[in-house]
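Colleague: Sequence and predicted structure, then a few things I'm wondering about:
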Amino acid sequence: MVRKVSYVATVPWMAVQGVSRGKGLVSAWRSVREEQQGGCGGLTVAKRGRTLRLASETETRAAMATSPMKGAAGADPSANEQIMQLCTAYMAPACLYMAAHLRLADQLAAGPKPVAQMAAGARGIHEESLYRVLRALASVGVFTETAPRVFANTPASELLRERIPGSMRDQVMWMTNPTHFRVFAELRHAVETGETGMKKVSGLESFEFLKQNAAEDREFNAAMSALTEQFAPAVLEAYDFGDLGTIADIGGGHGT
């Protein structure tokens, strides 16, 4: 029997949510209304005996191309597509953080690798859970599954590599740091009281928190330096600093 699961674009993230439960995919499918009227549709799941098979990346993209909610080429997303994507938008950064933290893109610098080899290279990593993270990222163009359980870099994932021109790994490590998830989880508290989410979570304001947490402080400063490297050439091209003898970056972290 073959069934179609609604909200194809979000299904990989739902699968990731179930990683720690072992039977995550089954739990994920139960959480999605099948053949929902107006749903994205398209991700095919084949039932073979008692198992559910997650469609391949190629099958998923082909299904998305014929989705009942897909408009003409270049059309804006529908309102419910937009809301569904916003509802699940936090899941992609969580996966992106793991990819950067484990240096997965660097593992693939020489070419495609099986996920088993990547898990072994990262040490202490659960292979099946890593596979789901990679599949989830591949669904949004970060990595690609070139063969079953074999992954390669894409132009987007290449930016997660260290020490290459244009690398964005430092920005990713800071902007997707779990600290941000904890802080933004306290948005309601911030709106109700005017106190920052950081103060609620840590008892400190942001820069005091960085002073007392060396790992986050290193990631923050590395991200600021990397960001400066990216926009500084455009600033220098757009503005004439010729009349100035000294330029100081006040509060510039460890020196940018």
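Modeller: Thanks, I have the structure now.

Colleague: For the helix or strand that contains N80, buried residues please.
Modeller: Assessed by DSSP states H and E, N80 sits inside helix 79-87. Under the neighbour-count criterion of 16 or more other Cβ atoms under 10 Å, helix 79-87 has E81, M84 buried. From N, CA and C alone the C-beta is placed, and that goes for glycine too.

Colleague: Stretch 132-147 now?
Modeller: Residues of stretch 132-147 classed as buried: 132-140, 142-145 (neighbour count, 16+ other Cβ under 10 Å).

Colleague: Stretch 217-235 now?
Modeller: D217, E219, F220, N221, A222, A223, M224, S225, A226, L227.

Colleague: can you check stretch 183-202 too?
Modeller: Applying 16+ other Cβ under 10 Å to stretch 183-202 flags V183, E186, A190, T196, G197, M198, K199, K200, V201, S202 as buried.

Colleague: Quick one: residues contacting the fourth one.
Modeller: Contact criterion Cβ atoms under 8 Å, 6 or more residues apart in numbering gives V183, A190, E205, S206 as the residues in contact with T196.

Colleague: got the contact list for the top helix by length along the chain?
Modeller: Taking DSSP state H as the criterion, the chain has its longest helix at helix 214-238. Contacts to helix 214-238, defined as Cβ under 8 Å, 6+ apart, come from residues 166-168, 170-171, 173-175, 177, 179, 209-211, 252-256.

Colleague: make it 6 Å
Modeller: Helix 214-238 is touched from outside by D170, Q171, M173, W174, T179, L210, G253, H254, T256, with contacts defined as Cβ atoms under 6 Å, 6 or more residues apart in numbering.

Colleague: and the two most separated of the residues you listed?
Modeller: T179 and T256 (21.3 Å; Cβ to Cβ).

Colleague: neighbour-wise, which of the two wins?
Modeller: Legend: neighbour count by other Cβ atoms under 10 Å for T179 and T256, higher for T179 (20 against 13).

Colleague: element containing that one, please.
Modeller: Using DSSP H and E, T179 falls in helix 178-184.

Colleague: what stretches of the stretch 151-256 of the chain score poorly on pLDDT?
Modeller: Along the stretch 151-256 of the chain, the parts satisfying pLDDT under 70 run over 252, 255-256.
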